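Undergrad: dropping the sequence and predicted coords here.
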Amino acid sequence: MLGAIAGDFVVVGHDLVGVAQDVLGRLLGGGGEMVTLVSGADDAAGALAASCADWLEEQHPTVDVVVYDGGQERYPLLVAVE
């Protein structure tokens, strides 16, 4: 699995959830009040997005989280931090 931020690969790993959490941690390292998670076609049940939302609630309880089913191909999860 590859985790990218602003088009640059920043994390490589075997565990999709772990890579996603690492990317989220890096993105929130600079601050942020809201995270948007958009689950892709490979996460149709939303398990990855839900796992990330749970992790955010535990690790960053002051951050608001919004989850959408985007259904995009190739990317199991898109993330935006504001």
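TA: Arrived safely. Numbering: from 1, shown residues only.

Undergrad: which residues are contacting stretch 14-32?
TA: Under the contact criterion CB atoms under 8 Å, 6 or more residues apart in numbering, stretch 14-32 has outside partners 1-5, 10-13, 35, 48, 51-52, 55-56, 59-60, 63, 76-77, 79, 81-82. C-beta here means a position set from N, CA and C on the backbone, and glycine is covered the same way.

Undergrad: 6 Å instead?
TA: 1, 3, 11, 13, 51, 52, 55, 60, 77, 81 (CB atoms under 6 Å, 6 or more residues apart in numbering).

Undergrad: repeat that for stretch 44-54.
TA: For stretch 44-54, contacts defined as CB under 6 Å, 6+ apart pick out 17, 20, 37, 39, 65, 67, 76, 77.

Undergrad: quick one, phi psi at the residue lying farthest from the centre of the chain?
TA: Distance from the C-alpha centroid of the chain, by CA atoms, centre = their mean, peaks at residue 62 (16.5 Å). Here is the backbone geometry of residue 62 (degrees, to the nearest 10): phi -90, psi -10.

Undergrad: ChimeraX command to pick out the buried ones of the contacts of stretch 14-32?
TA: Listed next is the ChimeraX selection for buried residues among the contacts of stretch 14-32, using 16 or more other CB atoms under 10 Å:
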select :3,11,51,52,55,60,77,81
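
Undergrad: flag the least confident of the contacts of stretch 14-32.
TA: Ranked by pLDDT, the contacts of stretch 14-32 bottom out at residue 1, which has 88.

Undergrad: confirm that residue 4 sits in a strand.
TA: Yes: Residue 4: assigned to a strand according to DSSP: H, G, I helix; E, B strand; the rest coil.
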